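Q: Got a predicted structure plus its sequence, pasted below:
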Amino acid sequence: MRRSQVSASTTDQRLLDSRGASEWVHTDPWRVMRIQAEFVEGFGALAELGPAISVFGSARCRPGDADYEQAVELGRALVAAGYAVITGGGPGAMEAANKGASQAGGDSVGLGIELPFESGLNEWVDIGINFRYFFARKTMFVKYAEGFIALPGGFGTFDEIFEAVTLVQTQKVTSFPIVLLGTRYWGGLIDWVRDVVLADGKVGDKDLDLMQVTDDVDEAVAIVVAARQQRRGDQPGSGTSPVKPHAAE
C-alpha cells in the first residue's frame with residue numbers, strides 16, 4: 001500500500017488499543033469459537049486419562065445417605081479394577097464417587113457445568129473442567145469412558161442414561177455397558193420399558209438388554225470389566241458375566 005492507502009496505525013496497535021462495543025461476544029459466530037474451545041480443552045485434558053467409567057447420580061443425596069455411601073464404595077471399587085472415575089463434578093452422588101476414587105489413589109475427574117444453583121467442583125475432583133454447554137460436556141462423558149454406572153438420580157441422570165442407550169442402540173458406540181444401581185429405584189423404569197414401550201412395539205426385544213440393573217457394587221464393576229474383556233477379545237473370567245435387566249421384587 002502506498003500514498004493514501006498507507007494506514008496510520010498497525011494491526012497490533014488496533015487490536016491492543018480497541019475499546020469498542022462488546023456485543024460481538026454474544027453473537028453466534030463467537031459462540032462457535034467458545035464451543036470449539038470447550039471441545040479442545042476437554043480433549044486436551046482427558047486424552048491421556050486411560051480406562052474410565054462415568055458415574056451419575058443425584059446431586060441431592062448427602063453424606064450418611066445410603067446412595068452417597070454406595071457411591072463412595074463404587075468409586076473405590078472402580079479404581080481397584082483399574083478405572084478412572086468421571087462424574088459431573090457436583091455434590092451428592094457425584095462428590096461421593098469422586099471421593100471414593102480419590103481416596104483409593106485413582107484418577108478422579110469432574111466435568112462441571114455452568115448452572116445458576118451450583119457453583120464450583122466438589123473438593124474430591126483432581127482433574128476438573130467446567131463447561132458452558134451441556135452437549136460439549138456430554139460428549140466427554142461418552143468419549144472418554146468405557147461405560148456408565150448410574151445411581152438413583154433425577155432428570156440429569158435420566159438424560160445421561162437415555163442418551164447413552166440411544167447411542168448404543170444406534171451403534172454410535174459399541175461395547176458400552178450401562179448399569180443402573182438400585183433395583184428398587186430403577187425397577188419401575190425397566191418394568192415400564194418392557195410392559196409398555198416394548199409391548200407397544202416402540203423398541204425391540206434386544207433393546208431391553210442395553211440397561212442392566214443390580215444392587216451390588218461388585219456386580220456393577222464386574223459388568224463393565226466383562227465388557228472391556230469382550231471388547232479386547234478375551235474371555236470374561238468367572239463371575240464377570242453381565243446380568244439381564246430385571247424389575248424390583
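A: That came through, no problem.

Q: got the buried residues for the helix ranked longest in the chain?
A: The longest helix of the chain (DSSP state H) is helix 28-46. Neighbour-count burial for helix 28-46 flags 38, 39, 42, 45, 46 (criterion: 16 or more other C-beta atoms under 10 Å). Every residue, glycine included, has its C-beta placed from N, CA and C.

Q: tell me the two of these that are most distant?
A: Farthest pair in those (C-beta to C-beta) is 38 and 46. Separation: 12.2 Å.

Q: Does residue 84 touch residue 54 like I think?
A: No. In this structure, residue 84 is not within contact of residue 54 by C-beta atoms under 8 Å, at 9.8 Å.

Q: who's more crowded, the two?
A: The neighbour count for residue 84 versus residue 54, taken as other C-beta atoms under 10 Å, is higher for residue 54 (26 against 23).

Q: For whatever helix or strand that one lives in, give the mean pLDDT please.
A: Element membership of residue 54, judged by DSSP states H and E, is strand 52-56. Strand 52-56 comes out with an average pLDDT of 98.

Q: just checking, next helix/strand downstream of it?
A: Note on strand 52-56: by DSSP H and E, the next helix or strand toward the C-terminus is helix 66-80.

Q: Which residues belonging to that next one are considered buried?
A: 67, 68, 70, 71, 72, 74, 75, 76, 77, 78, 79.

Q: Same question for stretch 164-180.
A: Of the residues in stretch 164-180, those buried (16+ other C-beta under 10 Å) are 164, 165, 167, 168, 173, 176, 177, 178, 179, 180.

Q: Pull up the distance across stretch 148-158, start to finish.
A: With C-alpha to C-alpha, to the nearest Å as the measure, stretch 148-158 spans 12 Å from end to end.

Q: Stretch 124-142 too?
A: Terminal residues of stretch 124-142 lie 21 Å apart, using C-alpha to C-alpha.

Q: ends of stretch 148-155, how far apart?
A: Criterion C-alpha to C-alpha; first-to-last residue distance in stretch 148-155 is 16 Å.

Q: From residue 31, how far off is residue 83?
A: With the distance defined as C-beta to C-beta, to the nearest Å, residue 83 ends up 34 Å from residue 31.

Q: make that residue 89, sorry
A: Using C-beta to C-beta, residue 89 is found at 23 Å from residue 31.

Q: so what's the spatially most central residue of the chain up against?
A: With distances taken as C-alpha atoms, centre = their mean, the residue of the chain nearest its centroid is residue 141 (3.2 Å). Neighbouring residues of residue 141 by C-beta atoms under 8 Å, 6 or more residues apart in numbering: 54, 86, 111, 148, 160.

Q: can you rerun that using 7 Å?
A: Going by C-beta atoms under 7 Å, 6 or more residues apart in numbering, residue 141 touches 54, 86, 111, 160.

Q: what's across from the first one in the sheet?
A: The one in question is residue 54. Assessed by DSSP bridges, residue 54 has beta-bridge partners residue 86, residue 148.

Q: Assess the claim that it and residue 86 are in contact.
A: Yes. Using C-beta atoms under 7 Å as the test, residue 54 is close enough to residue 86 to be in contact (4.5 Å).

Q: Residues that sit against both of the two, list them.
A: Residues touching both residue 54 and residue 86 comprise 141, 145, with contact defined as C-beta under 7 Å, 6+ apart.

Q: relative to strand 52-56, how tilted is the helix or strand harbouring residue 112?
A: Using DSSP H and E, residue 112 sits within strand 108-113. With axes from the mean of the first three to the mean of the last three C-alpha atoms, to 10 degrees defining the directions, strand 108-113 sits at 50 degrees from strand 52-56.

Q: Mind jotting down where the helices sit in this structure?
A: 11-17, 28-46, 66-80, 93-103, 134-143, 155-169, 183-192, 217-232.
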